[in-house]
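Student: prediction below, plus the sequence it came from.
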Amino acid sequence: MTYINADFDALYDTLNHKEFDKQLHYVVAGGRATFAIPVLHRVIGTDDLVLCGAQKVEINPDHDHCHVYPGSRMSNAFGLIASGGLAVTIRQKILAGEEIPPEDVRNLVDAKSPRLVIAHSAASALAIHHATGEPVLCAITPDNMFPAAAYARSVLGSKAAIVLFSDNTPASRNAALFSARAVSGKVTGMDPTAPQINLMHGLIDAIQAADERGRARPTPDPQAAERARYDFIMHSILDPLKAAQCVTPMQKVSRGRIDFRQAQVRFGGNDIER
């Protein structure tokens, strides 16, 4: 049975693919916006997806707030962030309470160079989508990285690149390594000494700092913010994605506190019924 929440439906309906991109660019420029992220679960025995919950992500220049809508089921589930004309069909099916077949998700991915990125947090997933224009799955919790990776591999096949892009926390890094190894995927580089900040706020902070420096110069530099946006996207998102590597035998991977018991090893459905 699909998830129903009138508040989510109202916000998600207003964020059509054009408005979604507009709001995302507005946030990157230092504005405030609220996004409704659908949370999806695999129907048992299939690769069909069904809405099982939702997350509201409020972003402003100072911080972001993530709220789970009441009644959402977050275990063995993941969010989907996509825009553009190809995402319209999925959006319509989510609002209609219909299941999403795997071909709808495959249609979002570049057939010539198939890649699907899985981020930990919704804020980081939004930044990756802004940088690449590609669909992004967001695990929301470390526990959900494996179900998301297993789904991506099952739907896209063996030739697709499944890239795990963790947040900079031990639990997130460990879940990304475990999940990448399990599905023959890749992980982006991880610097354990870096600040634990999601990619969206890293991007916003870099732009704001550059803008302030540009305005403080004797001769103002109106292009400082745009160069900072470009540099952050290149160095913190695009370069790590390009350099993503398979998990090597030398890298230690342990389950730690992550509970994968509910995630079936077979790349087939989880435990939700129609």
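Tutor: Thanks, I have it.
Student: which stretches of the chain have low pLDDT?
Tutor: Across the chain, residues meeting the criterion (pLDDT under 70) sit at 190-196, 249-274.
Student: make it 80
Tutor: When the per-residue scores of the chain are filtered using pLDDT under 80, the ranges that remain are 1, 17, 61-63, 189-197, 215, 220, 248-274.
Student: all the helices of it, residue numbers only.
Tutor: Assignment of helices within the chain using DSSP state H yields the ranges 6-14, 17-28, 88-96, 102-106, 122-132, 145-156, 170-182, 199-216, 224-232, 239-242.
Student: how about those in a markdown table, adding mean neighbour count?
Tutor: The C-beta positions use only the backbone N, C-alpha and C, and glycine is treated the same way. As requested, those are exported to a markdown table (neighbours: other C-beta atoms under 10 Å):
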| stretch | mean neighbour count |
| --- | --- |
| helix 6-14 | 15 |
| helix 17-28 | 17 |
| helix 88-96 | 16 |
| helix 102-106 | 16 |
| helix 122-132 | 25 |
| helix 145-156 | 25 |
| helix 170-182 | 23 |
| helix 199-216 | 18 |
| helix 224-232 | 18 |
| helix 239-242 | 15 |
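Student: can you put the ones you listed in TSV and add distance to residue 35?
Tutor: Conversion of those to TSV gives the following (distance: least, C-beta to C-beta, whole Å):
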stretch	distance to residue 35
helix 6-14	8
helix 17-28	7
helix 88-96	13
helix 102-106	19
helix 122-132	7
helix 145-156	18
helix 170-182	20
helix 199-216	10
helix 224-232	19
helix 239-242	22
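Student: nearest to residue 54, out of those?
Tutor: Shortest separation from residue 54 across the helices of the chain is recorded for helix 6-14, at 4.2 Å, computed as C-beta to C-beta.
Student: helices or strands next to that closest one in the packing?
Tutor: When contacts are defined as 3 or more C-beta pairs under 8 Å, 6 or more residues apart in numbering; DSSP states H and E, helix 6-14 sits against strand 33-42, strand 49-59, helix 88-96.
Student: for residue 70, which non-adjacent residue is closest in space?
Tutor: residue 5 (7.1 Å; C-beta to C-beta, 6 or more residues apart in numbering).
Student: quick check: the one you found touching residue 67?
Tutor: No: taking contacts as C-beta atoms under 8 Å, residue 5 lies outside contact range of residue 67: 11.7 Å.
Student: identify the contacts common to these two.
Tutor: Contact with both residue 5 and residue 67 is made by no residue, according to C-beta atoms under 8 Å, 6 or more residues apart in numbering.
Student: those two: which is more packed in?
Tutor: In this comparison of residue 5 against residue 67, neighbours counted by other C-beta atoms under 10 Å, the higher total goes to residue 5 at 17 against 12.
Student: quick one, what contacts the closest residue to residue 213 other than its chain neighbours?
Tutor: Computed as C-beta to C-beta, 6+ apart, the closest residue to residue 213 that is not its neighbour in sequence is residue 224, at 6.3 Å. Residue 224 is in contact with 210, 211, 213, 214, counting by C-beta under 8 Å, 6+ apart.
Student: most widely separated two among those?
Tutor: Between all members of the contacts of residue 224, the farthest pair (by C-beta to C-beta) comes out as 211 and 213, at 7.4 Å.
Student: residues in contact with the nearest residue to residue 159 once chain neighbours are set aside?
Tutor: If you skip the residues right next to it in sequence, residue 159 has residue 114 as its closest partner in space, 6.6 Å away by C-beta to C-beta, 6+ apart. Shown in contact with residue 114 (C-beta under 8 Å, 6+ apart): 156, 157, 159, 160, 161.
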